[in-house]
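> Fold the stuff below for me.
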Amino acid sequence: MTRLWGILLGLFLSAFVAGCSADDSLTIKTAKGQFHFSVEIADTPEQQAQGLMFRQELAPDHGMLFDFHRERETAFWMRNTFIPLDMLFIASDGTIRSIHANARPQDDTAIPSGFPVQFVLEIPGGRAAEIGAVPGDKISHVRISKSESSPQ
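The predicted structure is shown next:
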């Protein structure tokens with residue numbers, strides 16, 4: 001029975017990942033330089049509810065970009081998420097508004113954005129600190145207006 005459950009879960013996750021679109025790479029611009037990530041996009045309620053749940057690993061240069069299509073306050077949790085994640089809460093112009101570092105796996109505590117945001121980027125726990133990401137840094141991606149995310 002456990003083996004059957006594993007097979008079914010694997011099929012479900014494969015179907016989910018296929019449903020997430022993988023747009024061009026995302027770039028985080030920090031004082032340490034530019035860092036490129038390959039991201040899956042979660043822009044439907046179903047994809048956003050699933051997020052990175054049940055994943056056992058996430059490569060250092062991979063992540064998931066949640067697009068809410070307009071700015072709003074939001075909150076995340078780590079239920080059924082098995083790996084620590086950094087959550088970067090991002091305004092519609094690509095500016096990082098806040099960062100929650102190393103969210104604890106399988107924790108139901110709400111993690112609020114603290115500000116209205118349009119995007120949330122989840123990357124492996126500890127990566128934001130490694131690359132020097134701080135609020136005010138910029139994110140570049142095809143979903144973020146190039147004119148709005150250009151350096152000032």
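> Next up, the contacts around Ala101.
By Cβ atoms under 8 Å, 6 or more residues apart in numbering, the contact list for Ala101 reads Asp86, Gly125, Gly126, Ala128, Ala129. Placement of C-beta: from N, CA and C, glycine included.
> Within the helices and strands, which one has it?
According to DSSP states H and E, Ala101 maps onto strand 96-103.
> Could you tell me which of the contacts of Ala101 count as buried?
Buried members of these, scored by 16 or more other Cβ atoms under 10 Å, are Asp86, Gly125, Ala128.
> In helices only, show me those residues.
Ala128 (DSSP state H).
> Check the separation of the first and last residues in stretch 40-47.
10 Å (Cα to Cα, to the nearest Å).
> for that stretch, which positions count as buried?
Glu40, Ile41, Ala42, Asp43, Gln47.
> what's the closest of these to Asp107?
Ala42 (19.5 Å; Cβ to Cβ).
> give the contact list for the closest one.
Ala42 neighbours (Cβ under 8 Å, 6+ apart): Cys20, Gln48, Gln50, Gly51, Met64, Leu65, Phe66, Asp67.
> In PyMOL, how would I select just the buried ones from the residues you listed?
Buried residues within the contacts of Ala42, by 16+ other Cβ under 10 Å, are selected in PyMOL with:
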select buried, resi 20+48+50+51+64+65+66+67
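> Pick out the lowest-pLDDT one from the contacts of Ala42.
Lowest in pLDDT among the contacts of Ala42 is Cys20, which has 47.
> now the helices for this protein?
Going by DSSP H, the chain shows helices at 2-19, 45-50, 127-131, 146-149.
> contacting residues around the third one?
In this case it means helix 127-131. Counting by Cβ under 8 Å, 6+ apart, Ile28, Thr30, Lys32, Gly33, Phe35, Pro60, Asp86, Leu88, Ile99, Ala101 sit against helix 127-131.
> Next up, the contacts around the nearest residue to Thr74 once chain neighbours are set aside.
Nearest residue to Thr74, sequence neighbours excluded (Cβ to Cβ, 6 or more residues apart in numbering): Ser113, at 4.9 Å. By Cβ under 8 Å, 6+ apart, the contact set of Ser113 is Glu73, Thr74, Ala75, Phe89, Arg97, Ser98, Val120.
> Strand partners (parallel or antiparallel) of the strand holding Ala101?
If you go by DSSP bridges, strand 96-103 pairs up with strand 85-90 (antiparallel).
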